[in-house]
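Asker: sequence and computational prediction follow.
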Amino acid sequence: MTSEISKIGWRFDNTYGRLPEMMLSKLPPVPVKSPKLIILNDSLSKELGLNFSTISNEHLASMFAGNLLPEGSQPIAQAYAGHQFGYFTMLGDGRAIIIGEHLTKNDRRVDIQFKGSGVTPYSRNADGRAALGPMLREYIISEAMHALNIPTTRSLAVIKTGENVMRETSLPGAILTRVATSHLRVGTFQYVAMRNDQKTLKKLASYTIKRHYPELKDKRNPVLALLKVVMKKQVELVMNWMRVGFIHGVMNTDNMTISGETIDYGPCAFMDTYDPRTVFSSIDHHGRYAYGNQPDITNWNLSRFAETLILLINKKEDRAVEIIKDTFNKFNKVYKESWLNMMRKKLGLFGEKNQDENLINKLLLWMSKNKADYTNTFCYLMKEGFVKDKLFQKSSFKKWHNEWIARIKQNKKTDNLSLDSSTLNLMRSSNPLVIPRNHKVEEALDAANNNNLVPLHNLLKVLKKPYERPYKKEEYHITPPQNGKEYKTFCGT
């Protein structure tokens, strides 16, 4: 088996493990009873330069369970902290092990992590395991986000462990193999800063710049440049979440990556009916991480990141705080400009007109008042025939529609009231025709828990091309049936 695994193409170069010991614990995954491969991401395997074609599913399952590790892997659990729902906590990988950093053929570096791999020193009395449903949820949503052109961690494989885990009930255990540009988080910096170890904090900042943003190392103030680029990355990320109606659900600082990738798909979901107050997470009792709050929470999280960098930005604390405040005073303006440009694309608007913001807000207000489906409203504007909602026949919508057409005419100063190809192409680049509808995700997960993987594979096939028309697949467009129940998601821990 070892000789087979050696032919896969793993190239490990594990740099994080060379950081000070306080930032990690070295330990292997806890072996599982009888691993079974559930799903393998063939396209991602090829991107990573890995060849699994000559390996039996049995041996693959053993590898992705951590029962047998590839040569060159050096398993670690990372230490980090985080503000969870506003309250600071010392944390760490309580149920995950990074087996190593793999280099692709073009030398792109990625973390290979097993999620659900057993107890670690950071488990805090938990079992360190994961259930099949939440691991498949992360597989579905992370791969959907990738197809939607949104920065994200990826999912390489899911295996069943052959053991049950106890949550509210007994559930089949599973391990997800997650691929990330890195697992460096705002919480990683908070962990070191709270220990008042400026020497290690400086090493962490240098390591982060070298790994993710090497172009910053020659800047006059590299750490300030790091703060600014992370802010830019996070603005772009959350703006894209807003574009497709994605609600992360648990925007704690330990779930905010320095690379700008979406990470940790716990109680996440996609909004159907447009409402900025939408919350799906069962643990978000006060709506802290509601859809409409995500930009403000991003600002708050970035502020916590900035706090850890104060003395690295300037040895004089007062001067450092002044510099940071000046940087953050620009956040709202930068985000608003980014958001307006994103919404212009969704509506097919070229250039910038004074009335654009008002036009956009009028549509969003109409959608909120009339409980219109967020994704399908834009599909209707693109004249996609599967949208037949009577809401769009209302006089209030027609009035807005006339204003929109008048603005469209300013794109090319044309009297043609139909949408030209350039307008439609702009809209189609930003508006997905399909998203992971919550009821279709639940349908796939329920079936998988009963050993039926057909709905899972069907859903993944459709989500792979979200901007293309899945002919004869209208079931993936329609809104969920109204059964009177409020949809809730759970962390899966």
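Answerer: Yep, it's here.
Asker: every contact and neighbour count from this point should use C-alpha atoms.
Answerer: Fine.
Asker: hey, where'd the helices end up in the stretch 1-150 of the chain?
Answerer: With DSSP state H, counting those that start in this stretch as the definition, the stretch 1-150 of the chain shows helices at residue ranges 2-6, 42-47, 57-65, 132-147.
Asker: equivalent analysis for the stretch 351-493 of the chain, please.
Answerer: Counting by DSSP H, counting those that start in this stretch, the stretch 351-493 of the chain forms helices over residues 356-370, 374-381, 395-412, 421-430, 438-449, 454-463, given from the N-terminal end onward.
Asker: most tightly packed of the ones you listed?
Answerer: Neighbour counts (mean count of other C-alpha atoms under 10 Å) averaged over each of those peak at helix 374-381, with a mean of 20.
Asker: tilt between that one and helix 421-430?
Answerer: 170 degrees (axes from the mean of the first three to the mean of the last three C-alpha atoms, to 10 degrees).
Asker: and helix 374-381, what does it pack onto?
Answerer: Using 3 or more C-alpha pairs under 8 Å, 6 or more residues apart in numbering; DSSP states H and E as the contact test, no helix or strand touches helix 374-381.
Asker: alpha carbons only: can I get that helix in CSV?
Answerer: Output of helix 374-381 as CSV, limited to C-alpha atoms (Å, rounded to 0.1, in the frame of the first residue of the first chain):
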residue,chain,number,x,y,z
TYR,A,374,-33.0,37.1,-4.8
THR,A,375,-31.4,34.9,-7.4
ASN,A,376,-34.4,34.5,-9.7
THR,A,377,-35.2,38.2,-9.7
PHE,A,378,-32.0,38.8,-11.6
CYS,A,379,-32.6,35.8,-13.8
TYR,A,380,-36.0,37.3,-14.7
LEU,A,381,-34.3,40.5,-15.7
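Asker: got a list of contacts for that helix?
Answerer: Around helix 374-381, the neighbours that count as contacts under C-alpha atoms under 8 Å, 6 or more residues apart in numbering are 244-245, 271-274, 346-347, 367, 387, 431-435, 477.
Asker: mark out where each domain of the protein begins and ends.
Answerer: Using automatic domain parsing, the domain ranges for the chain come out as 2-183, 187-329, 336-433+440-493.
Asker: how close does Ala126 sit to Gly94?
Answerer: Counting by C-alpha to C-alpha, to the nearest Å, the separation of Ala126 from Gly94 is 8 Å.
Asker: got it, and Lys105?
Answerer: Distance, Lys105 to Gly94, using C-alpha to C-alpha: 31 Å.
Asker: do the same with Leu201
Answerer: Distance, Leu201 to Gly94, using C-alpha to C-alpha: 22 Å.
Asker: got any ranges where the stretch 301-450 of the chain has weak pLDDT?
Answerer: Using pLDDT under 70 as the threshold, the predicted model of the stretch 301-450 of the chain has low-confidence ranges 412-418.
Asker: buried ones in the longest strand along the chain?
Answerer: Of all the segments of type strand in the chain, defined by DSSP state E, the longest one is strand 154-166. Taking 16 or more other C-alpha atoms under 10 Å as the neighbour-count basis, strand 154-166 is seen to contain the buried residues 154-161, 163-165.
Asker: might you report the residue contacts of the most centrally placed residue in the chain?
Answerer: Among the residues of the chain, Thr262 comes closest to the average C-alpha position under C-alpha atoms, centre = their mean, at 2.6 Å. Taking C-alpha under 8 Å, 6+ apart as the definition of contact, the neighbours of Thr262 are 150-153, 237, 256.
Asker: can you tell me which helix in this structure is longest?
Answerer: The helix of greatest length in the chain, counted in residues with DSSP state H as the criterion, is given as helix 222-244.
Asker: and the helix or strand that comes right after that helix, what does it pack against?
Answerer: Under the assignment DSSP states H and E, the closest C-terminal helix or strand after helix 222-244 is strand 246-247. Under the contact criterion of 3+ C-alpha pairs under 8 Å, 6+ apart, strand 246-247 touches strand 269-270.
Asker: other SSEs contacting the strand it packs on?
Answerer: Strand 269-270 is packed against strand 246-247, with contacts defined by 3+ C-alpha pairs under 8 Å, 6+ apart.
Asker: hang on, the earlier thing: tell me the one of the contacts of Thr262 nearest Glu21?
Answerer: Each of the contacts of Thr262 was scored against Glu21 by C-alpha to C-alpha, and Met256 proved nearest at 22.6 Å.
Asker: wait, that closest one touches Ser182, no?
Answerer: No - no contact is recorded between Met256 and Ser182 when judged using C-alpha atoms under 8 Å, the distance being 11.4 Å.
Asker: which one's more surrounded, those two?
Answerer: Regarding Met256 and Ser182, a neighbour count based on other C-alpha atoms under 10 Å identifies Met256 as having more, with 26 against 23.
Asker: what's near enough to touch the more buried one?
Answerer: Each residue near Met256 by C-alpha under 8 Å, 6+ apart is listed here: 185-187, 262-263, 301.
Asker: which neighbours do Ala126 and Gly94 share?
Answerer: Common contact partners of Ala126 and Gly94 (C-alpha under 8 Å, 6+ apart): Val119.
Asker: and these two? which has more neighbours close in?
Answerer: Set Ala126 next to Gly94 and count neighbours by other C-alpha under 10 Å: Gly94 wins out with 25 against 13.
Asker: ok, that one - contacts?
Answerer: The neighbours of Gly94, taking C-alpha under 8 Å, 6+ apart as the test, are 77, 118-124, 126, 128.
Asker: show me which of these is closest to Ile408.
Answerer: Using C-alpha to C-alpha, Ala77 is the member of the contacts of Gly94 that lies nearest Ile408, at 53.0 Å.
Asker: can you pull the buried residues of stretch 276-294?
Answerer: By neighbour count, and taking 16+ other C-alpha under 10 Å as the criterion, the buried residues in stretch 276-294 are 276, 278-281, 283-284, 287-292, 294.
Asker: over to stretch 186-194?
Answerer: Of the residues in stretch 186-194, those buried under the neighbour-count criterion (16+ other C-alpha under 10 Å) are 186-193.
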